[in-house]
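Participant: here's my sequence, what's the structure:
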Amino acid sequence: MNFRLAAFLILGLVLGSPAQAAPACTSLSHAASAHQPQFLASYPELTLSQLKEVAFLYDNAVAAIALAACGESAKARSIGDAVLWALDHDRYWHDGRLRNGYPAGPMTDAPVKLPGWWDNGQKKWVEDQYQVGSDTGNLAWAMLALAALYRDSSDARYLAGAERIGAWLQSAFDRRSPAGFDGGTFGDGAAPARNRWKSTEHNVDLAAAYAQLAEITGDRRWTLLSLRARRFVNAMWDRNCSCFAAGTGEDGKSPNQFMVLDAQIWPLLALPGMGAHHPGDFDAARRTLAAKGGFAYSQGSDGVWTEGTAQAALLVALSGQDPARLFKAIARNRAPGGGYYASSAQQSGTGFMLQTDPAQPRLYFRTPHLGALAWVALAQQRFNPFTGTHALPGG
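Facilitator: Numbering: from 1, shown residues only. Got it, this is the predicted structure:
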């Protein structure tokens, strides 16, 4: 057994994963390649036509950061290079935006292909309008990934790519109270629909991504944009529940008081001083969202959300507390192939409806999920993707 693998196995035992199970870094490394720009399938075993072989930008961004944290720099760069290729070879956009999803596999086509499927009823090729859209938070995660790769490699291409994305995202800022960044765009074409709602999660992502750009470049423009996003997050604090609202409604103004786990965890991981300024946040999440030793996605969910439970485990570990119980809940969702199921339930609701079909709920399935695997790897490595360090912000 080589030294690195032995160290990983010891770490896995310390963090409460099964003795016989290889750590998430090993499984994530097996899923990636270092030979060419590529995106990884978000749900590698799912056969549902709308999601089969779709590589969601967010999942791949988290995977790139996790691979770098695992010491797999070349494989992390293969995802980063796919992001840069997509930036340069979109079939329509050349302004710094990316799509929410791409086909899994090598990124060599110009223009870049977008995900879709053949619809027998309509007798035509169909694209999911969410997947070809550009959510603000997903693009912020691409910025975080490229910033991580720049720190890891000093390759100026990654920093330039992150700045291109950050420059385009300025257009998402909505000055209407509560001022913050909106949800981005939905659909394709010359004039895609604008998502006027604002998300606490998205603004956390942007606050962290812009803060990293400011730290790397010393450019005050990025600092000001980070502060704009942070102010929105602060505006979403609800003293009545000691929790953050999910964001706003469709009008971009009315608070959506629905409790979602990442809107509670991510501010504490990403933004300096949030725990002190908003005490009781994590306790409120534990009271409302605890599920079978882990955490549910939202107050409208059932079952353990593996990805979010890993986020909570990372927060607990970086806070100097023992995350063993959370890692045990995560370990119960480990798939035979080495990945991690998205949810402990066969179908777990999120409390939200599909944007492409508002009559259908947005679900997580008990199927291996790249995002879950990547977050477990980050938690096992105690690496904070929002700060690019092994510490909480300001730590």
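Participant: pull the CA atoms of the host helix or strand of Ala284 into CSV?
Facilitator: Using DSSP states H and E, Ala284 falls within helix 281-289. Only the C-alpha atoms of helix 281-289 are listed here, as CSV (Å, rounded to 0.1, in the frame of the first residue of the first chain):
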residue,chain,number,x,y,z
ASP,A,281,-28.2,29.7,13.2
PHE,A,282,-26.7,26.2,13.3
ASP,A,283,-28.8,25.2,16.3
ALA,A,284,-32.0,26.3,14.4
ALA,A,285,-30.9,24.1,11.5
ARG,A,286,-30.4,21.1,13.9
ARG,A,287,-33.8,21.6,15.4
THR,A,288,-35.7,21.9,12.2
LEU,A,289,-33.7,19.9,9.6
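Participant: ok, the following helix or strand past it: who's next to it in the sheet?
Facilitator: From helix 281-289 onward toward the C-terminus, using DSSP H and E, the following helix or strand is strand 290-291. In its sheet, strand 290-291 lies beside strand 294-295 (antiparallel), with partners assigned from DSSP bridges.
Participant: tell me the mean pLDDT for the strand it pairs with?
Facilitator: Over the span of strand 294-295, the pLDDT mean works out to 98.
Participant: tell me how far that strand lies from the chain's centre.
Facilitator: Strand 294-295 has its average C-alpha position 18 Å from the chain's average C-alpha position, going by Cα atoms, centre = their mean, to the nearest Å.
Participant: neighbours of Asp95, how many?
Facilitator: By the measure other Cβ atoms under 10 Å, the count of residues near Asp95 is 12. (C-beta placed from N, C-alpha, C; glycine too.)
Participant: doesn't Gln170 make contact with it?
Facilitator: No - in terms of Cβ atoms under 8 Å, Asp95 does not count as a neighbour of Gln170; the distance is 11.2 Å.
Participant: list of residues touching the helix holding Ala284?
Facilitator: In this structure, residues lying in contact with helix 281-289 by Cβ atoms under 8 Å, 6 or more residues apart in numbering are 241-244, 259, 261, 264-265, 267-268, 274-275, 295-299, 301, 312, 315.
Participant: restricted to strands, list these.
Facilitator: Of the contacts of helix 281-289, the ones assigned to strands by DSSP state E are Cys243, Phe244, Phe295.
Participant: which ones are touching Leu144?
Facilitator: Remark: with contacts taken as Cβ under 8 Å, 6+ apart, Leu144 is in contact with Ala61, Ile65, Asp205, Ala208, Ala209, Gln212, Pro385, Phe386, Gly388.
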